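Engineer: 3D, please:
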Amino acid sequence: MNSLAIRAVADNVRRLLEARRLSQKELAALSGVSQKSINDLLNYGGTVSKEPRLGTIEKLAKGFGIATWQLQIPGLPVDLLQGQMVSKVIENFRDAGTVGRENISRVAESEVRYSLVQNSERGAPR
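Structural biologist: Residues are numbered from 1 along each chain as shown. The predicted structure follows:
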């Protein structure tokens, strides 16, 4: 795993810990990952250069009750990290036929454009 992906995982774990008001010790109990390994992940790139194993990331995701791949998406808002909406969208996209996938993509792109226009009119960031 490259360093950007590891930093994304670390950032998502950090944000989930804060959102759920969990300590590293509590996450260790939920996930079966040692507190030291969690601390090493959260400090990756600073004082720690040891890369986490995929099994560690899988256990952390399971401890949070989410899919492993969700921890690897940089900048995913915490509400989407914690919910099942992203997984459901992926499943629907996977299960749709070619025309359905094209429609899903078109609607998603339209919604992003609409959101950008709405936010720029309000002067708010995305």
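Engineer: measure the closest residue to Val86 other than its chain neighbours to Asn12 for me?
Structural biologist: Excluding its sequence neighbours, the residue lying closest to Val86 (CB to CB, 6 or more residues apart in numbering) is Leu80, at 5.3 Å. No exception for glycine: its C-beta is placed from N, CA and C like everyone else's. Here the distance between Leu80 and Asn12 works out to 10 Å (CB to CB, to the nearest Å).
Engineer: mind checking pLDDT for the residue nearest to Val86?
Structural biologist: Leu80 is assigned a pLDDT of 88 by the prediction.
Engineer: count of residues packed around it?
Structural biologist: By other CB atoms under 10 Å, the residues close to Leu80 number 15.
Engineer: find the helix or strand that it is a member of.
Structural biologist: helix 78-82 (DSSP states H and E).
Engineer: what is the next helix or strand after that helix packed up against?
Structural biologist: Remark: after helix 78-82, the chain's next helix or strand is helix 85-95, criterion DSSP H and E. In this structure, helix 85-95 makes packing contacts with helix 98-122, judged by 3 or more CB pairs under 8 Å, 6 or more residues apart in numbering; DSSP states H and E.
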